[in-house]
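1. pasted the sequence and its predicted model underneath.
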Amino acid sequence: MDGARPEAALRVYRDSALRSILAPAGSMMSGSDSTHLEPGCRVVAFVWLPIPNGRALPATLRHRLTFDILDSASRQRDGGTQSRIDSIMVSVQPAPAPVVMPPLRGGQWFAASGPSNTSDHRRSIAAIGGHAWLAQRFAIDWNMVGPNGDTHRGDERQNESYWGFGQPVHAVAAGQVVAVVDSIPDNTPHSALPPITLGNIAGNFVTIRIGAGQYATYGHLKHASIRVRAGQSVSSGEVMALVGNSGQTTAPHLHFQLTDGPAVLGSEGIPYVLSSYTDLGSGQAFEENKHPTTPRRRTIPEENEVVALP
């Protein structure tokens with residue numbers, strides 16, 4: 001609900017709609033029994049709330065949760081006793097999302113697991129230091145699509161077969177480099193991964209501070225390709241590294257995210273928009289010679305869109 005107008009619900013979730021947004025803590029996937037809570041259990045509700053164009057954003061969102069109280073046989077107790085938690089107030093960030101340049105240049109790119117309420121990134125909560133973080137909330141895995149309409153040609157177990165492997169990675173805005181890792185070998189595509197830890201999950205990566213509480217991270221970079229160092233200032237559009245296949249990845253691509261802190265996973269993902277791109281339609285229906293070409297400005301690709309970058 002709008003905190004200032006609690007009598008008018010912005011969205012109500014119940015039955016199948018409620019089950020679709022719930023996932024047990026520790027699992028990204030929703031389940032049919034996620035509405036049933038045993039003592040001590042936790043469930044995460046992933047809420048994605050569109051606000052129509054022209055409507056003012058609420059200053060606060062108010063949440064109301066209603067529970068049926070069950071007995072030991074999972075029947076409603078006392079003829080339908082309910083419990084309600086009300087007046088959960090969440091402030092809405094009033095500042096507009098930062099506008100950044102795309103991290104890649106030219107060609108066609110598949111925005112794998114891009115922003116949506118069901119993408120893997122959106123549901124990748126990490127428990128670090130006694131706190132639950134969602135650094136990948138608006139992350140995108142950028143995969144280049146070649147003239148054959150696919151991400152690779154030839155042997156799919158060779159990094160060089162992938163159109164994106166070795167493509168230049170650009171700074172999305174001017175800033176200062178705060179972290180660099182460039183010591184992790186590239187994986188063999190579609191082969192068993194080495195043991196994954198918090199130290200190598202992003203592979204080779206660069207993080208730059210582009211504003212107050214705004215950190216851009218570029219992950220899975222090509223080994224020995226990084227051209228910047230910690231403490232260095234970079235200009236908007238500067239080439240910093242090449243697309244690789246290092247860390248927790250089975251094929252070459254660029255993982256890009258914006259967060260409120262420098263930690264790759266121990267920070268909160270924040271929204272951003274790209275200055276411009278051309279929407280080529282959904283990756284599920286993309287055909288090389290038959291697709292829309294819709295110019296977009298100051299917005300962000302949704303999950304699994306194919307786009308042309310300037």
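-> Noted; the coordinates are in hand.
2. need the contact list for the closest residue to Pro168 other than its chain neighbours.
-> If the residues on either side of it in the chain are set aside, Pro168 comes closest to Val239, at 4.5 Å by C-beta to C-beta, 6 or more residues apart in numbering. Every residue, glycine included, has its C-beta placed from N, CA and C. Applying C-beta atoms under 8 Å, 6 or more residues apart in numbering to Val239 gives the contacts 168-170, 227.
3. take these and write them to JSON lines, including neighbour count.
-> Compiled in JSON lines, the contacts of Val239 are given as follows (neighbours: other C-beta atoms under 10 Å):
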{"residue": "Pro168", "neighbour count": "16"}
{"residue": "Val169", "neighbour count": "25"}
{"residue": "His170", "neighbour count": "21"}
{"residue": "Arg227", "neighbour count": "16"}
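4. tell me the one among those nearest to His36.
-> The shortest approach to His36 among the contacts of Val239 belongs to Val169, at 45.2 Å (C-beta to C-beta).
5. if I look at the closest one, how far off is Tyr162?
-> 15 Å (C-beta to C-beta, to the nearest Å).
6. how near is Gly3 to Leu10?
-> Gly3 sits at a distance of 10 Å from Leu10 (criterion: C-beta to C-beta).
7. which neighbours do those two have in common?
-> What both Gly3 and Leu10 touch, as defined by C-beta under 8 Å, 6+ apart, is the set 58, 61.
8. circling back: which pLDDT value belongs to the residue nearest to Pro168?
-> If you check Val239, the pLDDT there is 98.
9. can you give me the neighbour number for Arg19?
-> Arg19 has 16 neighbours, counted by other C-beta atoms under 10 Å.
10. I meant to write Val178 there.
-> 17.
11. assumed it was part of a helix.
-> No. Using DSSP: H, G, I helix; E, B strand; the rest coil, the assignment for Val178 is strand, not a helix.
12. tell me which element Arg296 falls in.
-> Element membership for Arg296, per DSSP states H and E: strand 294-299.
13. what's the answer for Ser20, then?
-> Going by DSSP H and E, Ser20 is part of helix 15-21.
14. which parts of that helix are buried?
-> In terms of neighbour count (16 or more other C-beta atoms under 10 Å), helix 15-21 has its buried residues at 19, 21.
15. now stretch 252-269
-> 252-259, 261, 263-267, 269.
16. got the end-to-end distance for it?
-> With C-alpha to C-alpha, to the nearest Å as the measure, stretch 252-269 spans 23 Å from end to end.
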